[in-house]
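> coords below, sequence missing:
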């Protein structure tokens with residue numbers, strides 16, 4: 001089992017340098033006796049979509065109009081890490097959730113989903129914008145263009161592998177075992193996301 005305090009301290013120490021105008025810090029958030037949860041303490045709010053749930057979270061302004069949410073949860077001997085990137089105005093609760101990176105360690109070798117992995121969530125933003133556009137019109141007809149859920153592949157439940165080691169004939173599962181490796185992974189993911197969003 002990974003040392004919880006060491007992992008949180010490593011993440012806080014390594015990631016704080018990516019934020020010049022804000023303070024990156026995971027702080028304990030008591031939700032239940034069975035789980036220990038640490039969340040980023042941000043300066044704005046957003047709606048985090050995870051599985052079939054939507055819940056309000058505190059997000060940290062990262063740069064420009066991009067916001068970050070990070071959560072680390074310890075349940076029994078399992079560790080769950082989730083980060084989401086949002087785009088929107090500071091006072092906008094319904095910021096667009098662009099994507100989510102997760103690393104869920106169930107401590108099983110037969111896990112079906114790659115660990116860690118990406119979830120792409122921009123399809124929700126596209127759908128919301130389309131519905132808002134339709135809502136603004138009194139009479140809208142689309143003879144050529146019809147959008148229905150049956151015609152669009154829903155990718156938000158797809159787990160895109162992030163760290164598969166197939167080239168070494170190894171599995172798509174990486175267990176969370178060493179705090180230093182996990183904090184380096186998170187730091188690398190954030191650095192890479194920043195480069196891609198800056199393009």
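All right, it came through fine. Everything quoted here is computed from the prediction, not taken from an experiment.

> Which residue is the nearest non-sequential neighbour of residue 57?
Spatial nearest neighbour of residue 57, excluding adjacent residues (CB to CB, 6 or more residues apart in numbering): residue 48 at 4.5 Å. For the C-beta atoms, the positions are set from N, CA and C on the backbone; glycine is no exception.

> For that neighbour, give me its contacts.
54-57, 69, 84, 97 (CB atoms under 8 Å, 6 or more residues apart in numbering).

> looking at this, it is in a helix?
No. Counting by DSSP: H, G, I helix; E, B strand; the rest coil, residue 48 is located in no helix; its state is strand.

> That one and residue 39, how far apart?
Residue 48 sits at a distance of 10 Å from residue 39 (criterion: CB to CB, to the nearest Å).

> And for residue 161?
With CB to CB as the criterion, residue 161 and residue 39 are 26 Å apart.

> Same check on residue 192?
Using CB to CB, we find residue 192 at a distance of 22 Å from residue 39.

> Who has more neighbours out of these two?
The neighbour comparison of residue 192 against residue 39 (other CB atoms under 10 Å) goes to residue 39, with 19 against 10.

> That one contacts residue 56, doesn't it?
No. The criterion here is CB atoms under 8 Å, and residue 39 misses it with residue 56 at 11.8 Å.

> Check the average confidence over the host helix or strand of residue 99, would you?
Element membership for residue 99 (DSSP states H and E) is strand 96-105. Taken as a whole, strand 96-105 has an average pLDDT of 93.

> cool, and stretch 29-41?
Across stretch 29-41, the average pLDDT comes to 86.

> ok, now stretch 64-78?
94.

> how about that stretch: buried residues?
Using 16 or more other CB atoms under 10 Å as the test for burial, stretch 64-78 gives 66-74, 78.

> now swap in stretch 92-104 and tell me
Buried-residue list, stretch 92-104, by 16+ other CB under 10 Å: 92, 95-104.

> Could you do stretch 30-37 as well?
Here stretch 30-37 shows 36-37 as buried, counting by 16+ other CB under 10 Å.

> start to end distance for that stretch?
Start and end residues of stretch 30-37 are separated by 6 Å (CA to CA, to the nearest Å).

> Distance from the chain centre to it, please.
20 Å (CA atoms, centre = their mean, to the nearest Å).

> Just the residues contacting that stretch, thanks.
4, 28-29, 71-76.

> redo that, cut-off 10 Å
4-5, 8, 26-29, 39, 71-76, 78, 80 (CB atoms under 10 Å, 6 or more residues apart in numbering).

> Same question for stretch 181-198.
Residues contacting stretch 181-198 (CB under 10 Å, 6+ apart): 2, 6-15, 17-19, 24, 62-64, 66, 68, 70, 72, 79, 81, 83, 85, 87, 98-99, 101, 103, 105, 116, 118, 162-163, 174, 176, 178.

> Of these, keep whichever come out buried.
2, 7-8, 10-12, 14-15, 18-19, 24, 62, 66, 68, 70, 72, 79, 81, 83, 85, 87, 98-99, 101, 103, 105, 116, 118, 162, 174, 176.
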